[in-house]
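> got a structure for you, letters missing:
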């Protein structure tokens, strides 16, 4: 009797083990086991764009929360983050390491436009998903047929430019416009969208100035734009460049109507260092709630997010970039939930085209909805204006 009971228990244990092994083998995906899904990420943990590292830290924290709740279908999420210093050649090197040495299943929220584009060819050649790239460059939507393993997430910079152009034409039809843009695909996309949106009024752009992300200062560009006689200033750049531009504009007594890009609109990390009074009147397009904005202090979504940050990302700034990273992490989690036990790389990409969700930290009225015909996740934008204390949504 004891021998028969032992055999029964042993058989049960063997069957459980075989079942678990079968789950892992069914996917055939590197980085996926019965208990774990390994995800890769490149981001600037050092260098001039290191402020964007907040995105990745927030993603890691959300994955910690998911793991504490038991993971996804019994599997824990392991995020492998490698520093690329916002250098495209380094991104390619680190991307290869993630795939070939770390054996990740896929890469999520690799940060940056030039860096993401540099690594895109590699990911598509080895058929590893490069999903929800931290960039609004139009190429992530326009070239998805050519690079099916790569996908962006946020609204496109071209759409952002068109949105700003529409507002300029409505409120200042005779404006003289100066543009300061980052000299990469992202900055050029915003400039292209702005020009498209202006249409025949594109001749009202009286000065274009570019800057590199590595430039120590943009003071000379600001002085040049003031000399052009412009009364509208559109700026696209990193938080560092935006801070410098806003400060210099104020210091030299230039008072144009100012538009800044969504990625550099955080109250604590951008506007506070500038001086809240100096930033009064600035306009930006947005799709996320700014966690530091008093407008949302009683919002249930913001309150739940703040509690999450206190527990899993303690000490980190509760800013726009952290909210951004959290939202993309939540989107990744939804994709993996939809995958079930089919964690093949093909199905991971497929499920990015099957999303229909509303995220608590997105602005009211905005929703993620994707399909094969329209795979880009976030397409909506709303205009907001800073009143010296908080951002106020403008009428649609």
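Received, thanks. What you see is a predicted model; the values in this text were computed from it and never measured. Numbering: from 1, shown residues only.
> residues contacting the most centrally placed residue in the chain?
When Cα atoms, centre = their mean is applied to the chain, the residue found nearest the centroid is residue 134 (3.6 Å). By Cβ atoms under 8 Å, 6 or more residues apart in numbering, residue 134 lies in contact with 43, 52, 55, 109, 110, 111, 112, 116, 153, 154, 324, 328. C-beta coordinates here come from the backbone N, C-alpha and C atoms, glycine included.
> Pretty sure the last one sits against residue 152.
It stands for residue 328. No - Residue 328 lies out of contact with residue 152 (Cβ atoms under 8 Å); the separation is 10.4 Å.
> what do those two both touch?
With Cβ under 8 Å, 6+ apart as the test, residue 328 and residue 152 both reach residue 132.
> can you give me phi and psi for the nearest residue to residue 340 once chain neighbours are set aside?
In this structure, residue 340 finds its nearest non-sequential neighbour in residue 73, 6.5 Å apart by Cβ to Cβ, 6 or more residues apart in numbering. With angles defined as degrees, to the nearest 10, residue 73 sits at phi 50, psi 40.
> what about residue 73, neighbour count?
Burial of residue 73 is recorded as 13 neighbouring residues (other Cβ atoms under 10 Å).
> if I look at it, how far off is residue 107?
21 Å (Cβ to Cβ, to the nearest Å).
> And residue 388, by the same measure?
Counting by Cβ to Cβ, the gap from residue 388 to residue 107 is 40 Å.
> Comparing those two, which residue is more hemmed in?
Set residue 388 next to residue 107 and count neighbours by other Cβ under 10 Å: residue 107 wins out with 26 against 13.
> dump the residue contacts of that one.
Per Cβ under 8 Å, 6+ apart, neighbours of residue 107: 39, 40, 41, 42, 95, 98, 99, 123, 128, 129, 130, 131.
> Now flag whichever of those residues is closest to residue 80.
residue 40 (5.1 Å; Cβ to Cβ).
> Looks like the residue nearest to residue 340 contacts residue 333 (just checking).
No - using Cβ under 8 Å, residue 73 is not in contact with residue 333, being 11.1 Å away.
> which residue ranges form the helices in this protein?
Counting by DSSP state H, residue ranges of the helices within the chain are 2-27, 53-68, 88-96, 113-126, 139-142, 157-171, 185-198, 219-227, 239-251, 272-274, 300-312, 320-339, 345-352.
> Need the residues that contact the fourth one.
If I follow you right, that is helix 113-126. Contacts of helix 113-126 (Cβ under 8 Å, 6+ apart): 42, 84, 86-89, 91-92, 95-96, 99, 107, 110, 129-130, 133-137, 139-140, 147-150, 184-186.
> do the second one as well
Contact with helix 53-68 is made by 39, 41, 43-45, 72, 76-77, 79, 81, 108-109, 111, 134, 308-309, 311-313, 316-317, 319, 321-326, 328-330, 332-333, as judged by Cβ under 8 Å, 6+ apart.
> Any of those buried? List them.
Listed as buried from the contacts of helix 53-68 are 39, 41, 43-45, 72, 76-77, 79, 81, 108-109, 111, 134, 308-309, 312-313, 316-317, 319, 321-326, 328-330, 332-333; burial here means 16 or more other Cβ atoms under 10 Å.
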